[in-house]
Structures are given as C-alpha cells and as structure tokens.
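> sequence? don't have it. structure:
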C-alpha cells in the first residue's frame, strides 16, 4: 500500500467526514436507561469484543434465549459462559485486559445496542444459579461494569438485508463447518466418511449445547 494513501492522524480522518450531529453525541450514555435495558431483555444474541495486552483483538458470538444477559443494575450486566470449544480466547483476554465491547442484536430489529465496559470473571454460585438454562449451571459468568451505552442506527443491517428471507443464502452452497476446517488443516476425508463426521457434529450440538 502506497503510504500516501494511508490515514494515520485523527485530524486527517475527520477531514474526510462531516461533523457529528448533536444527537449522535448526546445518545452516548454512562448507564443503562429503560430502553437499553428492555433491548437487552429481548436480545438472544450478542458479540463480545476483547483484546489481549498486546492489543490483539477478538470477537466472539454469544447466544441463548432472549434475556440471557442478566441486568444486575443499571450499570452492571452478567453474561453466562456456555460450553464452547474451550479455547477460552475471550476469557483469557479479559484476565489480561478487562476492557470489553458488546453488540446486542434482536432478530427483526435493524437497530443494535452497543455497550462498552470493564469485565470480570465471576464464579459466585448464587449468580450462576440464576443463569441456569435447561438445568445446566454455567461454569462462570462475565460480569460487565458498564461505562458507555448507545443505540446504534439501522443503516448497516438494512444495507445487508440480514433479516430478509429473500436475501438468505443457501447453506449448502458452502461445505460444512467441519469440512472447511479439515480442508484448511489436515485435509478432509472422502464424502461418505465426511457425512458421518457431519452427522456426529449435529449430534454433538444436541448433547452439549448446555
């Protein structure tokens, strides 16, 4: 990339865009208002952004029935940690660098809710009991002290048509998750064996969701 085309100063960046309008500035809040809390109660999905001490970023999806993120008070959220791949990328990052960003989504809503804050990893039995789903208590919870909250406009989701069924893509047009991983690593087996592996993954989803 030719250095003359790189933007590396905030002043140069802001020269490319009109000034922020007042409402965009005012919408940034320091705690969860009534509408932000209702948004979280309705949301079955969020993306959790973390960074390690070296600034290496990671984003992890989190999903459960609507309201799975518990509102402890107007400045505190608790997110249950459900079974995953045990890489523990997000959790390790939080130990190293507690700053986190959350993006909440609601199916059918084009607006999103952004929350920035400071996270801790908590194993309080009383809290974990309250986060039980399907009789499974989470191993731990991510408790976030809220620092910034704002509702984000609908432009990105409307541009993507993400909720419109006419724009949904056929999943069979790409290989299964396991096949893609094997193709990029050790190599995928023949078709019949691959079908057995895919069936095993679906069964694993049923048995280990919680």
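Sure thing, it's come through. Worth saying up front: this structure is predicted, and the values here are computed from it rather than measured.
> what about the residue nearest the centre of the chain, distance to residue 163?
Closest to where the C-alpha atoms of the chain average out (CA atoms, centre = their mean) is residue 47, at 0.9 Å. According to CB to CB, to the nearest Å, residue 47 and residue 163 sit 16 Å apart. From N, CA and C alone the C-beta is placed, and that goes for glycine too.
> Report the residue ranges of every domain in this protein.
Following automatic domain parsing, the chain resolves into domains at 3-160, 169-208.
> Which elements pack onto the helix or strand of the chain with the lowest mean pLDDT?
Across the helices and strands of the chain, mean pLDDT, DSSP states H and E gives its lowest value to helix 22-26, namely a mean of 80. Where contact means 3 or more CB pairs under 8 Å, 6 or more residues apart in numbering; DSSP states H and E, helix 22-26 is not packed against any helix or strand.
> Show me the beta-bridge partners of the residue nearest to the centre of the chain.
residue 61, residue 103 (DSSP bridges).
> Residue 120: neighbour count?
When counting by other CB atoms under 10 Å, one arrives at 13 neighbours for residue 120.
> Buried residues of the helix or strand hosting residue 197, list them for me.
Using DSSP states H and E, residue 197 sits within helix 191-208. Buried residues in helix 191-208, counting neighbours by 16 or more other CB atoms under 10 Å, are found at residue 194.
> same check, this time on stretch 80-99
Applying 16+ other CB under 10 Å to stretch 80-99 flags 80-82, 90-91, 93-94, 97-98 as buried.
> Now do that stretch: everything it contacts.
48, 50-53, 58, 60, 62, 64, 68, 70, 100, 116-121, 128, 131, 133, 138-142, 208-210 (CB atoms under 8 Å, 6 or more residues apart in numbering).
> Just say helix, strand or coil for residue 138.
coil (DSSP: H, G, I helix; E, B strand; the rest coil).
> That one touches residue 128, doesn't it?
Yes. Between residue 138 and residue 128 there is a contact at 5.6 Å, judged by CB atoms under 8 Å.
> Between these two, tell me which one has more neighbours.
More crowded of residue 138 and residue 128, by other CB under 10 Å: residue 138, with 22 against 18.
> how about the nearest residue to that one, chain neighbours excluded?
residue 80 (4.0 Å; CB to CB, 6 or more residues apart in numbering).
> What mean pLDDT does stretch 111-123 get?
The pLDDT scores in stretch 111-123 average 98.
> just the helices in the protein please.
10-14, 22-26, 34-42, 89-96, 125-130, 155-160, 177-184, 191-208 (DSSP state H).
> roughly how far is the last one from the heart of the chain?
Going by CA atoms, centre = their mean, to the nearest Å, the spacing between the C-alpha centre of helix 191-208 and its chain's C-alpha centre is 25 Å.
> okay, the angle between it and helix 177-184?
130 degrees (axes from the mean of the first three to the mean of the last three CA atoms, to 10 degrees).
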